[in-house]
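Student: Sequence first, then the predicted structure, then my questions.
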Amino acid sequence: MTDSRPQRSVRRTLPARKRIALIAHDGKKAELLEWAARWRDTLAKHELVGTGTTAGRLSASLGLEVEGLMSGPLGGDQQIGARITEQRLDLLVFFWDPFAPQPHDPDVKALLRLAALWNVPVACNAASADFLASSPWLDQSYEMAIPDAEAWVASRNP
Ligand SMILES: O=C(CO)COP(=O)(O)O
């Protein structure tokens, strides 16, 4: 019988300087800006990326470089998801809004699914983001297990 899910048997090492995605829905942008201001000096040591509007606001308010991808409703969540799949993202801080349905809900769900699949640490609100930002692993390399993509394909191509 073919295993229905990939084994988490490959090791991936997150670098000491993390690639961090910062995203917030409109109803949560103020909260993310407030959180990021508190952690500005910490964030400054890492590489920051975000969906278009969020990245622009963060960059202006923090005075830090934040790579801006496409705006969320235009595909930005999918771009972040692709980076996760390609192991080019190390942390996801995503203040998604539990009170506002989004036109791109499928993209939001897809991003959160990929983060769960690839074992990427995720924070969805200020308290969980505090825990991530204060983790001793934030400034150190961190070894973790990810799915074995090659074995998965091999098992489906007997
Ligand atoms: O919609 C978003 C995430 O799902 C965020 O997009 P913006 O940063 O462009 O507002």
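Tutor: Received, thanks. Residues are numbered from 1 along each chain as shown.
Student: pLDDT at the closest residue to the ligand within the chain, what is it?
Tutor: As assessed by C-beta to the nearest ligand atom, the ligand sits closest to Gly72 within the chain, at 2.1 Å. Just so you know, the C-beta spots here come from the backbone N, C-alpha and C atoms, and that holds for glycine as well. Predicted confidence (pLDDT) for Gly72: 98.
Student: Quick one: residues contacting Lys45.
Tutor: Arg17, Asp139 (C-beta atoms under 8 Å, 6 or more residues apart in numbering).
Student: Is the host helix or strand of Ile23 positioned near the ligand?
Tutor: Here Ile23, judged by DSSP states H and E, is contained in strand 19-24. Yes - contact of strand 19-24 with the ligand (C-beta under 6 Å from any ligand atom) involves Ile23.
Student: next SSE after that strand?
Tutor: Once strand 19-24 ends, the next helix or strand along the chain (criterion: DSSP H and E) is helix 29-38.
Student: ok, which stretches of this structure are helices?
Tutor: For the chain, the helices defined by DSSP state H occupy 29-38, 40-43, 52-62, 76-85, 105-117, 126-133, 149-156.
Student: Could I get the average pLDDT for stretch 111-123?
Tutor: The pLDDT scores in stretch 111-123 average 98.
Student: For that stretch, output the C-alpha coordinates as PDB.
Tutor: C-alpha atoms of stretch 111-123 as PDB (Å, rounded to 0.1, in the frame of the first residue of the first chain):
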ATOM      1  CA  LEU A 111      -0.400  29.100   2.800                       C
ATOM      2  CA  LEU A 112      -1.200  27.800   6.300                       C
ATOM      3  CA  ARG A 113      -1.400  24.300   4.900                       C
ATOM      4  CA  LEU A 114       2.100  24.600   3.400                       C
ATOM      5  CA  ALA A 115       3.500  26.000   6.600                       C
ATOM      6  CA  ALA A 116       2.100  23.100   8.500                       C
ATOM      7  CA  LEU A 117       3.300  20.600   6.000                       C
ATOM      8  CA  TRP A 118       6.900  21.900   5.800                       C
ATOM      9  CA  ASN A 119       7.200  22.300   9.600                       C
ATOM     10  CA  VAL A 120       7.700  26.100   9.300                       C
ATOM     11  CA  PRO A 121       7.200  27.900  12.700                       C
ATOM     12  CA  VAL A 122       4.100  30.100  12.500                       C
ATOM     13  CA  ALA A 123       2.700  32.800  14.700                       C
END
